[in-house]
Structures are given as C-alpha cells and as structure tokens.
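A.B. asks: Dropping a prediction and its sequence here:
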Amino acid sequence: MDYSSRGVRRPVLAVAALLLVGSLVVGTSRAREAQPLPVAAAAVGSRRAPERHGLSLDFYAKTCPAVDQIVANVTAARYRDFPAAGPAVLRLFHHDCFVEGCDASILIAPTANAGPAARAPPKVERDMEENRNLAQEAFDTVELAKAAVESKCPGIVSCADVLALAARDYVQQAGGPYYDVKKGRKDSKVSLAGKVSGSLPRANSTVDELLRVFAGKGLGAADLVALSGAHTVGFAHCVHVLGRIYDYRGTRRPDPLMDARLVKALRMSCPSSGGSARVVVPFDVSTPFRFDAAYYGNLQARLGLLGSDQALFLDARTRPLVQELAGNQTRFFQAFVASVDRMGSIRIKKGKKGEVRKVCSQHLLAV
Ligand SMILES: *[C@@H]1O[C@H](CO)[C@@H](O)[C@H](O)[C@H]1NC(C)=O
Ligand SMILES: *[C@@H]1O[C@H](CO)[C@@H](O)[C@H](O)[C@H]1NC(C)=O
Ligand SMILES: *[C@@H]1O[C@H](CO)[C@@H](O)[C@H](O)[C@H]1NC(C)=O
C-alpha cells in the first residue's frame, strides 16, 4: 500500500523565526523558575490508574506476541520519512480517547456523498470541524501499522490498540519517555459526529472549560497539565493563533499576555488575512521536534502558542503544576506516562461491545 502518493497537501512548517524567539527568551526564564513545588509534586500522578477497564500488558501474549515490535517497525520507518506524523499520531490518539473512549472511532472514514438523490450519509467523528485538521499522515501511519499487524496475526489486534502503541512509539522517538502500553481495547461499532461537540479542548478554551472537559473523562487538573505537555511537539494552523496576535477579544491588539517577540515572529508566518491555510507554527517555539519539558518553560516566559496553553500558567489551579513540570523533566516524564495511561483507559469497549476491524477506516461489517 502506498499511502504517500495520495496527493495530500502537506502543511508548511514555519519554524525558523520562531526558534530564534524561543532560544532568546526561554533559557533565562526557565532557570529562574526552576524550584520544584512539593505540593504540586504530590498532586501530579498520585491517582492510580483504574483497573476496572481490564486492559493488560500481555493481552496478546498468546495471540500476537510481537505486536509491539511490529508496530514499532512501522512507526520507526514512518518517523524517518514524515517526522510530522509523530505529533499528529499523538493528537489522533487524544482525539480518539476523548470522544466516546479509546476505540478507534476517530479512524472511520467519512462516507463519500453519493449525490443529491442519495440520502445524506450519517456523519462520522472525522467530519466534524474539530477533527478536520487531523493530519492524513497520522491516519496513514495507523493504517500501515495495522496492515503490518494483520499480515502476522490477522483479526486479532484492534485498531484502538495499534493507535495507542503508535502514539507511545512517537513519544519515545522524539526523545520522550518509553512506557509500556496496556492492550485489550476493542474498536467501536459506530462513529458519530454528534458525539464530538464539547468533548475536546479548543484552542481558546479557558481553564474552567479545560477542567470541565477533562473531568468529563475522569481526568483531573494534573492530567490536564501533564497531557498538555504533548504540545512539546507538534504544530497548529495559523487560524488558531490569529485572534491572539491581531485582535485579542475584539481589542484590535495582540494578547498582552503573549511575549511581543513571539507576536512579531508569528505575524511573519501568519498574516492577518490571505495567508495560506497550510501554514503551521510550532506549539513549542524553543524545541518543536523534541519531547522535553521546554513547553512548560515557554509558558512561564509567555511563549505559549494557544490561549489554552498560556492559560495553564495564568490560572492559580494549574500554575503550580506548570512550574513543577517546567523545573524537572524527569517529573514531567513520570506525570505524562501516568496521565497517558489514564487517558488510554477511557471507556474501553470489551467483548461484543466492540469489534476488531481489518482496515481501521471501515467497520468490520461495512461492505
Ligand atoms: C522489525 O524489523 C526488523 C528489521 O527490518 C526485522 O528483522 C524484524 O523481523 C521486524 N520485526 C517484526 C516483529 O516485524
Ligand atoms: C472559541 O473559538 C470558537 C471557534 O473555534 C468560537 O466559536 C468560540 O466563540 C470561541 N470562544 C471564545 C470565548 O472566544
Ligand atoms: C525531579 O523529579 C524526580 C522524580 O519525581 C525526583 O526524584 C528528583 O529529585 C527531582 N529533581 C529535582 C532537582 O527536584
């Protein structure tokens, strides 16, 4: 299968000017705020992962013992060819888990409209605005990894598990922690656009909204801050920052809480109008390709890209957690691993409640 020849238009990375900004500012501020906070340390990752979901490390020990390695082979090759697929897969995993649980419901392909005479097909999660910008590379990566797994152990491993494994691989490949992934998720039998609204954080979400969305998934403030650390890699489209750099809340001025140098650099990449919809800018302006704690240092230096990132440092409930993780990368890695395990356990489907798809973009019984 050659997914690379589909003619998908790749995003244009606008990094150089921003990197300069990041390296100028971040080093000093991180050193200044590096004191760890014992209170926050106790809060991060202190809750144990629930056991009720029945996921296990050795779920495929008898049926597909090499599954981790099969997926890793594919993701390693993909990472060399398309580094941007890494953060994209991580984001895909997040968007899967937050809508109806980690069940590969996000992977179901939009149904082609069969013309005006046909009844409009039901819309799937991928049709929703919140999911439109998910990178095709990420879907392709999961599909490739799944095909490799199918060739060795047909009909055994769910797409939801393949996605969880691929996300883990990319964290490690970008320099982040390696962690074991529990398996045993089934794939969903439905994917409904109507389930998306209100289930995902938005680029302009307030901390209140973020906490509410996370609480709805059984996740707390510590999970919010730790999982937001995934923005240590990856890119956002300009549309998500235009408000902050040109017209913050109708003031016709930039967000006063964004460093002026970052505003200037972003304006070069993202014109107020007429810019290319393909341009993307890094979440982490200092080390956009490395999975490290720099994201949190950036927030301390007012170099957060999205309003919803920067808000984590402005709110008294999350600020101590940001400070804690900014000052100690080991702590960040521990917190991230604990939280991603909790996220990966949201609303797991077992037994007849789910399916094991052959192709991740299609339900098993779809013809
Ligand atoms: C992974 O790739 C290596 C090198 O190409 C190969 O030798 C090995 O058999 C592969 N492992 C699996 C489980 O596919
Ligand atoms: C956040 O952005 C969405 C569009 O992405 C918009 O509908 C909403 O009104 C915005 N909320 C605020 C508070 O600006
Ligand atoms: C960083 O966090 C780790 C793990 O929580 C801890 O063992 C270590 O002492 C911390 N380092 C510093 C400098 O606080």
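C.D. replies: Arrived safely, thanks for sending. Because the structure is a prediction, the values reported are computed rather than measured. Ligands and ions are numbered 1, 2, ... in the order given.

A.B. asks: need the residues of the stretch 251-367 of the chain near ligand 3, please.
C.D. replies: Residues of the stretch 251-367 of the chain lying near ligand 3 by C-beta under 6 Å from any ligand atom: N328, T330, R331, Q334. Just so you know, the C-beta spots here come from the backbone N, C-alpha and C atoms, and that holds for glycine as well.

A.B. asks: Please identify the helix or strand for the third one.
C.D. replies: For R331, the host element (DSSP states H and E) is helix 329-343.

A.B. asks: Mind jotting down where the strands sit in the stretch 101-250 of the chain?
C.D. replies: Taking DSSP state E, counting those that start in this stretch, the strands of the stretch 101-250 of the chain run over residues 235-237.

A.B. asks: pLDDT below threshold where in it?
C.D. replies: 113-122 (pLDDT under 70).

A.B. asks: hey, where'd the helices end up in the stretch 151-300 of the chain?
C.D. replies: Per DSSP state H, counting those that start in this stretch, the stretch 151-300 of the chain carries helices over the ranges 159-173, 207-215, 221-228, 242-246, 260-269, 294-300.

A.B. asks: The most centrally placed residue in the chain and E137, how far apart?
C.D. replies: Against the mean C-alpha coordinate of the chain, by C-alpha atoms, centre = their mean, the closest residue is R91 at 2.2 Å. Using C-beta to C-beta, to the nearest Å, R91 is found at 11 Å from E137.

A.B. asks: Same check on A294?
C.D. replies: 24 Å.

A.B. asks: tell me which strands and helices whichever strand or helix holds the residue nearest to the centre of the chain is in contact with?
C.D. replies: Mapping R91 onto the secondary structure by DSSP H and E places it in helix 85-98. For helix 85-98, the packing partners by 3 or more C-beta pairs under 8 Å, 6 or more residues apart in numbering; DSSP states H and E come out as helix 67-81, helix 136-152, helix 159-173, helix 329-343.

A.B. asks: ok, how many other residues are close to S151?
C.D. replies: 9 (other C-beta atoms under 10 Å).

A.B. asks: swap in G155?
C.D. replies: 11.

A.B. asks: now swap in K62 and tell me
C.D. replies: 8.

A.B. asks: Hmm, N131 is touching I106, no?
C.D. replies: Yes - using C-beta atoms under 8 Å, N131 makes contact with I106 at a distance of 6.6 Å.

A.B. asks: overlap in contacts of those two?
C.D. replies: Taking C-beta atoms under 8 Å, 6 or more residues apart in numbering as the contact rule, N131 and I106 both touch H95, E125.

A.B. asks: more crowded one of the two?
C.D. replies: Between N131 and I106, counted using other C-beta under 10 Å, the more crowded position is I106 (31 against 20).

A.B. asks: any idea how far the residue lying closest to that one once chain neighbours are set aside is from F139?
C.D. replies: Distance criterion C-beta to C-beta, 6 or more residues apart in numbering; nearest residue to I106, sequence neighbours excluded, is D96 at 4.2 Å. Applying C-beta to C-beta, the value for D96 to F139 is 11 Å.

A.B. asks: who's more crowded, the two?
C.D. replies: D96 (31 against 23).

A.B. asks: isn't the more buried one right next to A160, touching?
C.D. replies: Yes - between D96 and A160 there is a contact under C-beta under 8 Å: 7.1 Å.

A.B. asks: what residues are shared contacts of these two?
C.D. replies: C102, D103, A104.

A.B. asks: List just the nearest of those to H363.
C.D. replies: For those, the minimum distance to H363 (C-beta to C-beta) is 10.0 Å, reached by A104.

A.B. asks: Most proximal residue of the stretch 151-300 of the chain with respect to ligand 3?
C.D. replies: A293 (10.3 Å; C-beta to the nearest ligand atom).

A.B. asks: What count of nearby residues applies to that residue?
C.D. replies: Using other C-beta under 10 Å, A293 has 23 neighbouring residues.

A.B. asks: ok, now V225?
C.D. replies: 31.

A.B. asks: cool, K152 as well?
C.D. replies: The burial count for K152: 14, using other C-beta under 10 Å.
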